[in-house]
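Enquirer: Need coordinates for the following:
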Amino acid sequence: MFATNLLDRRSKPERVADQAWRHLLTAVSSAGDSVRDTARSARRSGSGIADDAGDLVGSAADEARRRAARAVDALAGRRPALPWTLLIGAALVGAAVGWAAGTAARAAGSHDRAADDIEFVDVDRPNSPVGLDG
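Expert: Below you'll find the predicted structure:
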């Protein structure tokens with residue numbers, strides 16, 4: 001009873017502020033419960049989606065760090081390093097293609113030599129048309 005008398009004697013702005021505070025606490029509490037329920041259901045149904053989103057965010061953060069480092073290097077006047085892995089990979093692919101082309105050319109050349117080894121023989125035919133035998 002003593003507390004209610006004190007609450008009644010407060011000014012109107014104090015009472016409005018107290019009421020607003022209670023509404024805010026209720027709203028935050030219900031929102032927290034709602035968020036918890038939503039998080040539980042999302043965790044149950046969308047764990048794969050969350051993993052994919054986490055991977056996407058992680059890769060985006062890595063890309064952002066890379067770009068920021070490149071921007072700092074560019075502003076400092078440093079040139080980007082050569083992509084040695086890409087250059088070595090391209091050289092290996094080129095060597096493999098060259099080796100394959102050389103092997104194919106040698107194989108094609110060996111077939112031409114076999115055609116040169118064929119001998120053609122003239123045969124006299126007894127009933128050949130005039131002028132072809134001789």
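Enquirer: Please pull out the lowest mean pLDDT helix or strand from this structure.
Expert: The helix or strand of the chain with the lowest confidence, counting by mean pLDDT, DSSP states H and E, is helix 2-8 at a mean of 57.
Enquirer: what stretches of this protein score poorly on pLDDT?
Expert: Within the chain, the stretches with pLDDT under 70 are 1-8, 42-57, 111-118, 120-134.
Enquirer: Show me the helices in this protein, by range?
Expert: Remark: helices assigned in the chain by DSSP state H are 2-8, 12-45, 47-76, 84-116.
Enquirer: I'd like these laid out as CSV, including mean neighbour count.
Expert: Backbone N, C-alpha and C define where each C-beta goes, glycine included. What follows is the helices of the chain, written out as CSV (neighbours: other C-beta atoms under 10 Å):
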stretch, mean neighbour count
helix 2-8, 8
helix 12-45, 10
helix 47-76, 10
helix 84-116, 9
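Enquirer: Would you mind measuring from the residue nearest to residue 73 when sequence neighbours are not counted to residue 72?
Expert: For residue 73, ignoring the flanking residues on the chain, the nearest one in space by C-beta to C-beta, 6 or more residues apart in numbering is residue 80 at 6.7 Å. Applying C-beta to C-beta, to the nearest Å, the value for residue 80 to residue 72 is 12 Å.
Enquirer: Give me the phi and psi for residue 80.
Expert: phi -70, psi 150 (degrees, to the nearest 10).
Enquirer: pretty sure it is touching residue 70, no?
Expert: Yes: using C-beta atoms under 8 Å, residue 80 is in contact with residue 70, at 6.6 Å.
Enquirer: ok, back up a step: measure the residue nearest to residue 73 to residue 74 for me?
Expert: 8 Å.
Enquirer: now residue 58
Expert: Distance of residue 58 to residue 74, computed by C-beta to C-beta: 25 Å.
Enquirer: what does residue 107 give?
Expert: From residue 107 to residue 74 the distance is 51 Å (C-beta to C-beta).
Enquirer: what do you get for residue 88?
Expert: Residue 88 sits 25 Å away from residue 74, going by C-beta to C-beta.
Enquirer: repeat for residue 26
Expert: For residue 26, the distance to residue 74 equals 53 Å [C-beta to C-beta].
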